[in-house]
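> Pasted the sequence and its predicted model underneath.
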Amino acid sequence: MNNPIIGIFGGTFDPIHHGHLACARYVLQHCHLASIRLMPCHLPPHRATPGVSSIQRAEMVALAIADEPQMQLERLELNRAAPSYTVDSLQQLKAQYPYERLAFIIGMDSLQYFTKWHKWQQILTLAHLIVCQRPGYSSATGDAPALLRQYGGSLLQLSQQDAGIIYCLDNPDFTPSATFIRQELATNHQAQAMLVPAVWQYICQQQLYGC
Ligand SMILES: Nc1ncnc2c1ncn2[C@@H]1O[C@H](COP(=O)(O)OP(=O)(O)OP(=O)(O)O)[C@@H](O)[C@H]1O
Ligand SMILES: O=C(O)c1ccc[n+]([C@@H]2O[C@H](COP(=O)([O-])O)[C@@H](O)[C@H]2O)c1
């Protein structure tokens, strides 16, 4: 009997939106994971530091998943002053949960440049990668084809191996992006349809994103 797999869904979550939640629910439904831990990064490695603090982004994640029993907030990157490299977080999680296997969840846009990530080969020794399709991004471009030739595998392989499988989901399009939401909030002060109501209320109360 293999050890259970915990999903780790890292993100800037600036802010968390229905696309993130739809991905996480789809993964839970299709990959038989024990649970998913949503892990907001403190200092994103490959983009500018967000205007909204990591504590506020984490509070929005907590509000968004309050009614999702299989999802938890993972705070470990919030306390690290260094760039939020995934390899460091997975190492820390492995030490914390020695009997569990890990799967790191990303969108297809992230797979496109995965070989630029810090110590990316080591990431694949610590965890599987589960990749959600994302509108506008294809498995035929960027780093994806070479990575999938070398590491691509089935759900059965994912369930049987400890780490190192890249498994691509066949999910429908989940359209929201945080960039679009930030633009809508700054220009029209409207983006409720793409946000959990409690997150929308938090954004209004804290006057984030120009609201
Ligand atoms: N709609 C979506 N469909 C599939 N994957 C998504 C979607 N939105 C986000 N993701 C994935 O979730 C992870 C965290 O995303 P992130 O917090 O950067 O949100 P984002 O919407 O991509 O933000 P931004 O527009 O600021 O880049 C990334 O791996 C990203 O690919
Ligand atoms: O470790 C890296 O080099 C690395 C490079 C880019 C992104 N990541 C992680 O990937 C997740 C999604 O990143 P982002 O920028 O799309 O929100 C988030 O947890 C980041 O810390 C990690």
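Arrived safely. Ligands and ions are numbered 1, 2, ... in the order given.

> what pairs with the residue in the chain positioned nearest to ligand 2 across the strands?
Proximity of the chain to ligand 2 (C-beta to the nearest ligand atom) peaks at residue 10, 2.2 Å away. Quick note: C-beta positions are derived from backbone N, CA and C, even for glycine. Residue 10 has these beta-bridge partners by DSSP bridges: residue 39.

> Please tell me I have it right and it contacts residue 103.
No - Residue 10 lies out of contact with residue 103 (C-beta atoms under 8 Å); the separation is 11.5 Å.

> The residue of the chain closest to ligand 2: what's it in contact with?
Counting by C-beta atoms under 8 Å, 6 or more residues apart in numbering, residue 10 touches 39-41, 77, 84, 86, 89, 104-106.

> Nearest spatial neighbour of residue 63, chain-adjacent residues omitted?
Distance criterion C-beta to C-beta, 6 or more residues apart in numbering; nearest residue to residue 63, sequence neighbours excluded, is residue 198 at 4.1 Å.

> what about the one you found, how many neighbours?
Residues near residue 198, counting by other C-beta atoms under 10 Å, number 14.

> Surely it is in a helix?
Yes - Residue 198 forms part of a helix when assessed by DSSP: H, G, I helix; E, B strand; the rest coil.

> Which residues are in contact with it?
Residues in contact with residue 198 (C-beta under 8 Å, 6+ apart) are 63-64, 66.

> closest to residue 138 among these?
Of all the contacts of residue 198, residue 138 sits closest to residue 64, with 28.1 Å by C-beta to C-beta.

> Can you give me every residue that contacts that closest one?
16, 20-21, 196, 198-199.

> still on that earlier bit, now render the contacts of residue 198 as JSON lines, adding secondary structure, pLDDT and distance to ligand 1.
Formatted as JSON lines, those follow (DSSP: H, G, I helix; E, B strand; the rest coil; pLDDT from 0 to 100; distance: C-beta to the nearest ligand atom, whole Å):
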{"residue": "63", "secondary structure": "helix", "pLDDT": "98", "distance to ligand 1": "15"}
{"residue": "64", "secondary structure": "helix", "pLDDT": "98", "distance to ligand 1": "12"}
{"residue": "66", "secondary structure": "coil", "pLDDT": "98", "distance to ligand 1": "19"}
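
> for those, which one is nearest residue 207?
Looking across the contacts of residue 198 and measuring by C-beta to C-beta, the closest to residue 207 is residue 63, at 16.2 Å.

> What about that closest one, how many residues nearby?
Counted with other C-beta under 10 Å, the neighbours of residue 63 add up to 20.

> for residue 96, same thing?
10.

> And for residue 129?
For residue 129, using other C-beta under 10 Å, the count is 25.

> mind checking pLDDT for residue 113?
pLDDT, residue 113: 97.

> List the contacts of it.
For residue 113, the contact set (C-beta under 8 Å, 6+ apart) comprises 46, 142-143.

> Over to residue 47?
Residue 47 makes contact with residue 12, according to C-beta under 8 Å, 6+ apart.

> separation between it and residue 149?
Distance check for residue 47 against residue 149: by C-beta to C-beta, to the nearest Å, it reads 28 Å.

> Could I get the buried residue list for stretch 190-199?
By 16 or more other C-beta atoms under 10 Å, the buried positions in stretch 190-199 come out as 191, 194-196, 199.
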